[in-house]
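J.: Sequence first, then the predicted structure, then my questions.
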Amino acid sequence: MGITKLADLIRSDAPDAISRKDIRDYTGKVIAIDTSIIMNQFRAATPLLSPLTGLFFRTLTLLEHDIKPVFVFDGKPPEEKSAVLEKRAEVAGWSSPNRTGAASPQSKDCLQLLKLLGVPVIQAPGDAEALCAQLVKEGTVDAVASEDMDALPFGANILIRHLNAKKDSDVVEYSLLKLLEKLQISQQEFVDLCILLGCDYCDKIAGLGPKRALTLIQTHRTIENGILHVNRKTHPVPHFWKYNEARKIFLGVPHAVTPELTWTEPDEEALVGFLRDVGHVKENRARHRMESFRQMRESKREEREKARATGCSRQTLMKDFFRVTRKRAVRVEDSVLNRKKPKIS
C-alpha cells in the first residue's frame with residue numbers, strides 16, 4: 001500500500017521536491033531496487049507469463065544505460081504488518097501470507113537469475129525498503145527505485161518512481177531534503193505525518209485527510225499533540241492504536257551488514273538455459289535479447305569515445321562499470337535531514 005495519498009500531497013504542497021527525469025540521467029548511478037515491488041508489477045501486467053521474463057528484460061535495459069542495480073529482497077516482515085499482509089494474500093488468492101521471511105521458490109529463481117545477470121543481491125533483515133533507504137543514507141547507493149512511497153519516511157534522500165526501462169521514460173524523482181524544507185518539518189515529524197496519512201504498520205484515523213494531517217503536524221509537531229485537537233466524533237482514533245510502534249519501525253536502523261557490491265558480465269549460456277527451463281522463455285528470444293544487449297553496449301562505447309574526444313563526456317567507462325563499489329562517504333545533507341526545523345533556502 002505504501003503511504004496513502006503522499007504523492008498527491010507532495011504534488012500539491014511541495015512540487016519543488018519532484019523532478020521529471022529520463023532513464024539516461026541515471027547513467028553511472030547505483031540504484032537500490034525493492035525486488036518484490038517490480039516482481040508484483042510484472043505479475044499484474046503479464047499474469048500469464050513468468051515474472052522472471054520481465055526481470056530479465058528490465059535488468060538488461062538498466063545495464064545498457066550503465067545503471068548499476070542492487071536488488072534487495074524482503075526478510076521477515078514486522079509483526080505490525082500482519083493485517084496488511086493478510087489483505088494482500090486474500091486479494092492475490094493465496095492461502096496465507098509469508099510471515100517467516102523464508103525465500104519462496106519464485107524468490108529463489110529470481111535470486112539465481114540475478115546472479116547469472118551479474119548484479120549484486122542483498123537480503124534484508126525485514127522490509128526491503130527500509131534497507132534500501134539505509135543504503136542511500138550511508139552512501140552505498142545513490143537512490144532507491146520503488147513504486148511505493150515508504151522509502152521517504154524510511155529516510156531515503158532520493159526516491160525514483162517509474163524507472164520503467166524505456167528510453168523515453170518519464171521518470172519521477174523525489175527529493176526528501178527539498179520536501180522537508182518546503183513543508184518546514186523534520187524527518188521525525190514527516191514520519192508522524194506519514195502515519196497519520198496511513199501506512200502498512202498501523203491503522204489510521206478514519207476520515208482524516210492529507211491536508212488536515214499536514215496542518216496538525218506543522219502546528220503541533222507530534223501525533224501525541226496533534227490528536228488532542230482532533231474531533232473524536234467525526235475522526236475516531238483507533239483503539240489500541242500502534243502509531244508509536246510504526247514510528248519506531250520507520251526511524252529504526254536495519255541490522256544488516258552490507259556486502260561489497262560487485263557487477264560482472266552476464267553468463268549468457270547459463271542465462272539462456274535457465275530461462276528456457278525455469279522461465280519458459282524460448283531460447284531464440286533470450287539469445288536475441290542478449291545480442292541486442294551487446295550491440296547497445298558497443299554503441300554506447302562509441303558514444304563515450306566521441307564525447308571524450310570533444311571533451312564533454314559525463315558517462316562512465318565500461319571498464320569502470322564492472323568493478324567493486326565500496327561504501328562512499330556519507331553525504332553532507334544526511335546531517336541536514338535530522339534537523340528539527342529545516343529552513344527554506
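T.: Received the coordinates, thanks.

J.: Tell me who's in contact with the spatially most central residue of the chain.
T.: Among the residues of the chain, the one closest to the centroid is Ser146, at 3.1 Å (Cα atoms, centre = their mean). Applying Cβ atoms under 8 Å, 6 or more residues apart in numbering to Ser146 gives the contacts 33-34, 37, 129, 132, 159-161. (Glycine included, C-beta is placed from N, CA and C.)

J.: Is it correct that Gln188 is in contact with Ile223?
T.: No. Using Cβ atoms under 8 Å as the test, Gln188 is too far from Ile223 to be in contact (10.5 Å).

J.: Identify the contacts common to the two.
T.: With Cβ under 8 Å, 6+ apart as the test, Gln188 and Ile223 both reach Arg247.

J.: All the helices of the stretch 201-345 of the chain, residue numbers only.
T.: 210-220, 223-226, 243-251, 268-277, 283-309, 318-321, 332-336 (DSSP state H, counting those that start in this stretch).

J.: In CSV: those, plus mean neighbour count.
T.: Formatted as CSV, those follow (neighbours: other Cβ atoms under 10 Å):
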stretch, mean neighbour count
helix 210-220, 18
helix 223-226, 18
helix 243-251, 18
helix 268-277, 16
helix 283-309, 13
helix 318-321, 12
helix 332-336, 12
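
J.: where are the low-confidence patches of the stretch 1-150 of the chain?
T.: 1, 85, 88-101 (pLDDT under 70).

J.: mind listing the helices in it by residue range?
T.: Under DSSP H, counting those that start in this stretch, the stretch 1-150 of the chain gives helices at 6-13, 35-45, 51-64, 82-92, 105-117, 128-137.

J.: right, and those helices - which one's nearest Gln218?
T.: Gln218 sits nearest to helix 6-13 of all those, at 9.9 Å, using Cβ to Cβ.

J.: What are the buried residues along that closest one?
T.: 6-7, 9-10 (16 or more other Cβ atoms under 10 Å).

J.: Equivalent analysis for stretch 104-115, please.
T.: In stretch 104-115, counting by 16+ other Cβ under 10 Å, buried: 107, 109-111, 113-114.

J.: Show me the contact partners of that stretch.
T.: Defining contact as Cβ under 8 Å, 6+ apart, one finds that stretch 104-115 is touched by 35, 39, 51-52, 55-56, 59, 71, 73, 98, 103, 121, 271, 274-275, 278-279.

J.: What backbone torsions are found at Pro159?
T.: Careful, residue 159 is Leu and not Pro. phi -120, psi 130 (degrees, to the nearest 10).

J.: before we move on, what SS does the residue nearest to it when sequence neighbours are not counted have?
T.: Spatial nearest neighbour of Leu159, excluding adjacent residues (Cβ to Cβ, 6 or more residues apart in numbering): Tyr174 at 4.3 Å. With DSSP: H, G, I helix; E, B strand; the rest coil as the basis, Tyr174 sits in strand.

J.: nearest residue to Pro120 other than its sequence neighbours?
T.: Leu261 is the one closest to Pro120 (Cβ to Cβ, 6+ apart), at 4.5 Å.

J.: tell me the domain ranges of this protein?
T.: 6-181, 185-251, 268-314 (automatic domain parsing).

J.: Of all these, which one is nearest Val257?
T.: Closest among those, using Cβ to Cβ: domain 6-181, at 9.6 Å.
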